[in-house]
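[1] starting from these lines, generate the structure:
(one chain, ligands or ions: 1)
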Amino acid sequence: MSFTLPDLPYAHDALQPFMSKETLEYHHDKHHLAYVTNGNNAIKGTEFEGKSLEEIVKGSHGKNPAVFNNAGQHYNHLHFWKWMKPNGGGKIPGALEKAIVDSFGSVGKFKEDFVAAGVGQFGSGWAWLEVKDGKLAVSKTPNGESPLVHGATPILGVDVWEHSYYIDYRNRRPDYLKAFLESLVNWDYVAERFDAAAK
Ligand code: MN3
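    Prediction:
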């Protein structure tokens, strides 16, 4: 099955002022499209043809960088668009909030750890909230990697490549990460992934 670029689940200007129309026009329409196109070209004629996206991401990690980098980023961005929504942030659904408090001590401490992971990722990459061995944890990965290749399930991720924030926040990555948590996160989608991972 070849990769296709999905439409954004909202209008390009729907996340303003926290993420601009211009950022989404570049990030979704050009950057994500390039991962789709380059991934499809890299997979042609390889053992990965006909496999599911998750199988391709896991199977190519450490073995085929051209396939992995593009498939990994396709996987990450498919979810990233759904991890945001207009008027996001706010109240975390009950069962997920309880799990966060159990794992981190408080929602505030989770947010502190998540921002620290994003700020601490040197260069391009992602910060994550993941489920591993039935527990919630925060992690960070370089480039197109995700918790998927480390035996965990990502339930929330934020893109800290400069293309995700430089137009709107310039070099202020911490401000972007705070705005992401407070005003953009679609907690219903995070809770959906949490429920699926917990089963
Ligand atoms: Mn990106």
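[2] tell me the contacts of residue 180?
    Residues counted as contacts of residue 180 (Cβ atoms under 8 Å, 6 or more residues apart in numbering) are 18, 84, 158. Where C-beta positions appear, they are placed from N, C-alpha and C, glycine not excepted.
[3] number of residues surrounding residue 4?
    Using other Cβ atoms under 10 Å, the number of residues around residue 4 comes to 9.
[4] just residue 58 next, same as before
    Residues lying near residue 58 (other Cβ under 10 Å) number 17.
[5] do you know how far it is from residue 146?
    10 Å (Cβ to Cβ, to the nearest Å).
[6] repeat that for residue 7.
    Relative to residue 146, residue 7 is positioned 22 Å away (Cβ to Cβ).
[7] again with residue 171
    When distances are taken as Cβ to Cβ, residue 171 and residue 146 turn out to be 25 Å apart.
[8] quick one: which of the two has more around it?
    Neighbour totals were compared for residue 171 and residue 146, and residue 146 leads with 23 against 10 (other Cβ under 10 Å).
[9] next, give phi and psi for that one.
    With angles defined as degrees, to the nearest 10, residue 146 shows backbone torsions of phi -150, psi 170.
[10] let's number from 534 now, not from 1
    Got it, first residue is 534 now, which makes that one residue 679.
[11] so what's the closest residue to the ion within the chain bridging to?
    Residue nearest to the ion within the chain (Cβ to the ion): residue 692, separated by 4.2 Å. Residue 692 has these beta-bridge partners by DSSP bridges: residue 659.
[12] wait, it touches residue 609, no?
    Yes - the criterion here is Cβ atoms under 8 Å, and residue 692 meets it with residue 609 at 7.0 Å.
[13] and the most centrally placed residue in the chain, what does it touch?
    The geometric centre of the chain, computed from its C-alpha atoms, lies nearest to residue 690 (Cα atoms, centre = their mean), at 3.4 Å. The contact partners of residue 690, by Cβ under 8 Å, 6+ apart, come to 609, 612-613, 616, 659-662, 679.
[14] ok, now residue 574?
    Residue 574 touches nothing, counting by Cβ under 8 Å, 6+ apart.
[15] cool, and residue 614?
    Listed by Cβ under 8 Å, 6+ apart, the contact partners of residue 614 are 539, 541-542, 561.
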